[in-house]
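S.K.: just need the structure, nothing else, for what follows:
(chains A and B)
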Amino acid sequence: GENVEQHPSTLSVQEGDSAVIKCTYSDSASNYFPWYKQELGKRPQLIIDIRSNVGEKKDQRIAVTLNKTAKHFSLHITETQPEDSAVYFCAAPWGKTGGGADGLTFGKGTHLIIQP
Amino acid sequence: EPEVTQTPSHQVTQMGQEVILRCVPISNHLYFYWYRQILGQKVEFLVSFYNNEISEKSEIFDDQFSVERPDGSNFTLKIRSTKLEDSAMYFCASSFQIHSGQYNEQFFGPGTRLTVL
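M.R.: This is a model prediction of the structure:
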C-alpha cells in the first residue's frame, strides 16, 4: 500500500508569516492528494486537495504544490492567523481502485503553532 | 450544511466485550469509510464500503471487525471482542462519487472515542 511521510512534526511561526508543510509518497500511480486540518478534539476537515493533472492549486491563503517526478507535495499557508493553529495531515489514496472505494493513507501530521 | 454524525461520542467497555459504533453518513453519499486514530497519532484507514459490500480493507481490519449498513441511513462498525489496543478515536466518513475513477472529498464525522479497560 501507499506510504506517506510528512515533515515537520511541529512547526511554529510568527503570526503573519508563511508556513510550509511537506509530504512524500511512495506509489507513483497515486493521483489524488488531500490536506486535512484537525483542531483539538474535532473531526478532520478537508482544506484543499490536488489531482495529478495539475502542479499547483490555490484557495485564498492556502496553496498546494505537487511534484510527481519527485513524488512530493507541499501545503503553503500565507499570512498565518491564530485560527490556523491546528494539526495538518496530508494524505494519498490507500488502494488502487482509482476512485471512491479507496480509503486514504495519512501522514503523521504537523502541529502548526501560530505565535502572536 | 449536511454532516456525518456518529454515536455514541464516547464508549467505555471491558476487554473482551463487543461494541457497535454507529454512523449516519450524508444522505446522498455512496461511499462509506471507517478510520481510527490512536491518541496523538495519525489517522489510519480501516475499511471502505460501497453498494452494500466491503470495497477495501487494511491489515488492521481483521476478523474481529465487521461493518454493516442495516438500513438506508446507518453504517455500523462492530468489534467482536475488544482488546486494550483497540482504544482509539473511530471516525466514520462518507463521500459522493460524481465520476467513475475520480476521487471526491471524504467528509468525516465527529468520532467515537472508544476506551477499552
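
S.K.: so A:T65 is in contact with A:E56, correct?
M.R.: Yes. At 4.9 Å, A:T65 counts as touching A:E56 under the criterion of Cβ atoms under 8 Å. To be clear about C-beta, it is placed using only N, CA and C from the backbone, and glycine gets the same treatment.

S.K.: can I get the CA coordinates of stretch A:45-58 in CSV?
M.R.: What follows is stretch A:45-58, C-alpha atoms only, in CSV (Å, rounded to 0.1, in the frame of the first residue of the first chain):
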residue,chain,number,x,y,z
GLN,A,45,-11.8,18.7,7.7
LEU,A,46,-10.6,19.0,4.1
ILE,A,47,-8.9,22.3,3.4
ILE,A,48,-7.6,21.7,-0.1
ASP,A,49,-6.8,18.9,-2.5
ILE,A,50,-4.9,18.4,-5.7
ARG,A,51,-5.1,15.9,-8.5
SER,A,52,-2.1,14.8,-10.5
ASN,A,53,-3.1,16.6,-13.7
VAL,A,54,-2.1,19.9,-12.2
GLY,A,55,1.1,21.1,-10.4
GLU,A,56,-0.4,23.8,-8.2
LYS,A,57,-3.8,24.8,-6.7
LYS,A,58,-4.6,27.9,-4.6
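
S.K.: buried ones in it?
M.R.: For stretch A:45-58, burial by neighbour count (16 or more other Cβ atoms under 10 Å in any protein chain shown) applies to A:47-50.

S.K.: shared neighbours of A:T65 and A:E56, anything?
M.R.: A:I50 (Cβ atoms under 8 Å, 6 or more residues apart in numbering or on different chains).

S.K.: if we can go back for a sec, nearest to A:G109, out of the buried residues of stretch A:45-58: which one, please.
M.R.: A:I47 (13.5 Å; Cβ to Cβ).
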